[in-house]
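[1] Next comes the sequence, and after it the predicted model I'd like to discuss.
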Amino acid sequence: MALPSRSRFRAKVASRQSRCAWLAVALLTLAPLAALEPPPAQAQSELRKSFPGRRVGGGTRGDCSSRLLAHLVPSSSVFAPGKARFLGVLEGPSASPSPLEITFRPLSGRGTADGSMASGQRRVLPASAPGITLLTLPAVKVPTMWESSYLCPGSAASSTSADPLNFVAADSPPALSLLVTEPSKEDAAVQASLAKLHRSCGSSVSRDEVGAAFGLADLITAQWPERLPVRCPA
């Protein structure tokens, strides 16, 4: 038996009110969860303030352990590589150079769905004279730790822990930086300086120019060669 028109109208109203109430409950439930996820730019701004990085490694006893090693990044040790994705490593003088181990891995708890840098990457560069090595990094999709240290004779293998505080090597304190996607004003200047260095691949640049461009002039002494080779391995 069909309901009277007034009854049908009341039934529709009741049904609509029920759906609206359910939607309101759902939104109230999801709102606190959304509040826990800050916008990417805000989240990376917080990382820039709190990440315990050090762009200059080395400094302990022994020729290998004390050899200067520096990431060419802002003084905060946090850097957005930009579209060119260039990274630079500066190595100082050494009587007995050792191979250089470079690792990349996502900051703890920030893996990617598409697998980009998800399992980390490791590369070992051959022992070399003082100079600059430029690398081209795959696209950075999430905050990624970049660690570089010398493989000194007799040293233990470097740590692969995802904990950003667990980076102390027994023989040579590594250079440790954080790579992010959201650039800052400091990043733009470093990106431009790295692009300029890239144009010198296979040749050399003035040590004073490098020190001034990256704020490392106080670490480059008269013991360094006046010109530094720029290496760009494939």
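    Cool, the structure landed.

[2] need the helices for the chain, in chain order.
    With DSSP state H as the criterion, the chain has helices at 5-35, 40-50, 63-66, 185-198, 207-214.

[3] what ranges do the strands span in this structure?
    Using DSSP state E, the strands found in the chain span residues 56-57, 69-71, 78-79, 86-91, 100-106, 121-125, 131-136, 144-150, 175-179, 204-206, 227-231.

[4] who does the third one pair up with?
    Right, strand 78-79. As defined by DSSP bridges, the strand partners of strand 78-79 come to strand 175-179 (parallel).

[5] Which one of the strands of the chain lies nearest to residue 193?
    Smallest distance to residue 193 across those (Cβ to Cβ): 8.3 Å, for strand 86-91. Any C-beta I mention is one placed from the backbone N, CA and C, and that applies to glycine too.

[6] Which other helices and strands does that closest one contact?
    strand 69-71, strand 100-106, strand 131-136, helix 185-198 (3 or more Cβ pairs under 8 Å, 6 or more residues apart in numbering; DSSP states H and E).

[7] The same query, at a cut-off of 6 Å, please.
    Applying 3 or more Cβ pairs under 6 Å, 6 or more residues apart in numbering; DSSP states H and E, one finds that strand 86-91 contacts strand 131-136, helix 185-198.

[8] and those as TSV, adding distance to residue 106?
    Shown next, in TSV, are these (distance: least, Cβ to Cβ, whole Å):
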stretch	distance to residue 106
strand 131-136	18
helix 185-198	19
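
[9] which regions of the chain sit below the pLDDT cut-off?
    1-45, 48, 50, 59-62, 109-119, 155-172 (pLDDT under 70).

[10] Residues in a beta bridge with residue 69, which ones?
    Beta-bridge pairing of residue 69 under DSSP bridges involves residue 57, residue 91.
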